[in-house]
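Colleague: predicted structure and sequence below. I'll ask about it afterward.
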Amino acid sequence: MRALVLGLAILSVAKISTADTISFGGKISQSISDGTGPAANNPALNNVADGDSYIVTLGFPTSITGSGAFNPLAGATLAFLDSTASVNENSFGAVSLTVSADGSFFDFSLLGCVTTGSGCLVGNQLAVNFKIPTAMLNSQNVAAQSIPALTPLDLLEDDGVTDIQGTVDTYSYAGAVSTVPEPSSALLLGCALAGLVAVNRMQMKKEKNV
C-alpha cells in the first residue's frame, strides 16, 4: 500500500511539472523615486528603485507554439518580482496575452489586471509589450527587444498613481514544447517504478527480519 501511495505521489508531481511558463525581465527605469506614487494598494512597491532587476513569470496549463490571441488566457498565473528589493506583486486576476507575427519577430502584448484597488480600467495593472525572433518562441535566455512605438514601457501601475516603468531584456519559455529537453513520460515512469522497487525491497527485508 505504501509503495502504491509513493508511486502515485511521484506521478502526480511529474504531472504538475508539465505546466508551461513564460518569464521575462529587465531593469526598472522609473519608480517611486521619480515622483510617481506612492503605492497605496501594495505599499511594498514603494521600495522599487531605478536600476533594480525584475522578473515577470506567466504560467499556463497549455502550450503556445505560434501567433494567437489568448484573451483571456485560461488558468494563467502571473507574478512580478523586483529581485533587487525583494518586492513582489502577485494579486492578478484576468490575464490576456497576444502574440502577433511581425516579419521575423513575434510581438508580445501582455495585460494582467491587479485585483486590489479600483480595477484594470483605471490603471491598476501590469502591461508589457516586447518582441523576440520568431524562431526563438519556445527557447530560453533569448534577447528581447522593445517595440519602438510602445516605449517607454509602463510596466506596473497601482491604481493609476504608481507608474513603474522598465525595459524587457531577456525572455524564456519552459514547458512541453520548450527547445530545452524536458523529462520524458517514460523517464518519469521509470523513476516512479524505481521508487516502487526500492520501497518493496525495504518492506520485504523488514518482514524477513521479523
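Modeller: Yes, it's here.
Colleague: A strand includes residue 26, no?
Modeller: Yes. Assessed by DSSP: H, G, I helix; E, B strand; the rest coil, residue 26 belongs to a strand.
Colleague: run through the bridge partners of it.
Modeller: For residue 26, the beta-bridge partners are residue 54 (DSSP bridges).
Colleague: in contact with it, which residues?
Modeller: 53, 54, 144, 166, 167, 168, 169, 170 (Cβ atoms under 8 Å, 6 or more residues apart in numbering). Glycine gets a C-beta too; all of them are placed from N, C-alpha and C.
Colleague: from residue 117, how far off is it?
Modeller: Distance, residue 26 to residue 117, by Cβ to Cβ, to the nearest Å: 25 Å.
Colleague: how close does residue 96 sit to residue 70?
Modeller: 7 Å.
Colleague: residues near the residue nearest to residue 120 when sequence neighbours are not counted, how many?
Modeller: Nearest residue to residue 120, sequence neighbours excluded (Cβ to Cβ, 6 or more residues apart in numbering): residue 113, at 3.6 Å. By the measure other Cβ atoms under 10 Å, the count of residues near residue 113 is 19.
Colleague: one more: residue 107?
Modeller: When neighbours are counted by other Cβ under 10 Å, residue 107 comes out with 18.
Colleague: hmm, it is touching residue 99, no?
Modeller: Yes. Counting by Cβ atoms under 8 Å, residue 107 sits close enough to residue 99 to count as a contact (7.3 Å).
Colleague: give me the neighbour count for residue 121.
Modeller: Neighbour tally, residue 121, other Cβ under 10 Å: 9.
Colleague: and it, which of the three is it?
Modeller: Counting by three-state DSSP, the backbone at residue 121 sits in helix.
Colleague: where does pLDDT dip in the chain?
Modeller: Within the chain, the ranges that satisfy pLDDT under 70 run 1-18, 152, 180-210.
Colleague: tell me the contacts of the residue positioned nearest the centre of it?
Modeller: Residue closest to the mean C-alpha point of the chain, counted by Cα atoms, centre = their mean, is residue 57 at 2.0 Å. Shown in contact with residue 57 (Cβ under 8 Å, 6+ apart): 21, 22, 23, 77, 78, 79, 81.
Colleague: mind listing the helices for the protein?
Modeller: For the chain, helices defined by DSSP state H occupy the ranges 2-16, 185-209.
Colleague: domain map for the protein?
Modeller: 1-17+189-210, 20-182 (automatic domain parsing).
Colleague: which residue is the nearest non-sequential neighbour of residue 128?
Modeller: Leaving aside its sequence neighbours, residue 128 sits nearest to residue 110 (Cβ to Cβ, 6+ apart; 4.6 Å).
Colleague: ditto for residue 65
Modeller: Leaving aside its sequence neighbours, residue 65 sits nearest to residue 177 (Cβ to Cβ, 6+ apart; 5.6 Å).
Colleague: the one you found touches residue 62, doesn't it?
Modeller: No. Counting by Cβ under 8 Å, residue 62 is not a contact partner of residue 177; they are 9.9 Å apart.
Colleague: which neighbours do the two share?
Modeller: residue 20.
Colleague: got the contact list for the residue nearest to residue 65?
Modeller: 20, 63, 64, 65, 138.
Colleague: same list (the residues you listed) but as CSV, adding distance to residue 85 and neighbour count.
Modeller: Converted to CSV, the contacts of residue 177 look like this (distance: Cβ to Cβ, whole Å; neighbours: other Cβ atoms under 10 Å):
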residue, distance to residue 85, neighbour count
20, 28, 18
63, 33, 14
64, 30, 20
65, 35, 12
138, 31, 21
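Colleague: many thanks, I have nothing further to ask.
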